[in-house]
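Participant: Pasting the sequence and the predicted model now:
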Amino acid sequence: MKVLGISGSLRRDSHNSTLLRAAAELLPPSAELEIFDGLKVVEPYDHDDDVGAGPDGARRLREAIESADALLIATPEYNSSIPGQLKNALDWASRPKGKNALWGKPAAVVGASTGMFGAVWSQAEARKALGASGARVIETDLPVRHADEAFTEDGRLADLELRDRYVEILDELAALAEQVGTGAHAGTQKLAA
């Protein structure tokens, strides 16, 4: 089973990218994590450009989502919402309605911020956009507060309760993906941590 990870942050040393990478060792053994690295080059959504497979960046995003069994998004919070580049990517992935890359796709959203709320609003906004696009969204969030202190030197969550909650979310995501039966990648091994 392949889980596609998308970090909503473009920053090189992003806490959300670290949170996403931390999922690799926490996923069930039947799942592997593949991280999408092309968010920065996804073109601004323009309906005029949304013909055929779309422009290169958007096409690559759609193909990556379509080839995955499940989607895991880690999002920071910008002005109490999701970053523009992530929203733009979700807009591309949501077209055309009813036949898009997100339709029926199991999805989970987690988030980290250096503040005390752990990006809970942006997680809710991302879940809303995914749900409106037809994804099967897990409603549990993972608010990683004070993200500049939340990870060990090797990129693991320092808080064991938070780590356990992450495992629960990932287990639920994998179970949902198995239930949906998109299993084109069943039997692959987990990404080594």
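Facilitator: Okay, I see it.
Participant: and the closest residue to residue 89 other than its chain neighbours, what is it in contact with?
Facilitator: Nearest in space to residue 89, with sequence neighbours left out and distances taken as CB to CB, 6 or more residues apart in numbering, is residue 42 at 5.0 Å. C-betas here are computed from N, CA, C, even on glycine. Residue 42 is in contact with 57-58, 60-61, 85, 88-89, 92, counting by CB atoms under 8 Å, 6 or more residues apart in numbering.
Participant: Check residue 58 too.
Facilitator: 42-43, 45, 49-50, 92.
Participant: where's it relative to residue 38, distance?
Facilitator: 10 Å (CB to CB, to the nearest Å).
Participant: cool, and residue 142?
Facilitator: 24 Å.
Participant: Kindly report the same for residue 111.
Facilitator: Relative to residue 38, and taking CB to CB, residue 111 is found at 20 Å.
Participant: now swap in residue 84 and tell me
Facilitator: Distance of residue 84 to residue 38, computed by CB to CB: 16 Å.
Participant: Whichever strand or helix holds residue 21 - what's its average pLDDT?
Facilitator: Element membership of residue 21, judged by DSSP states H and E, is helix 15-22. For helix 15-22, mean pLDDT rounds to 97.
Participant: and after that helix, which helix or strand comes next?
Facilitator: Trace forward from helix 15-22 with DSSP H and E and the next one is strand 32-35.
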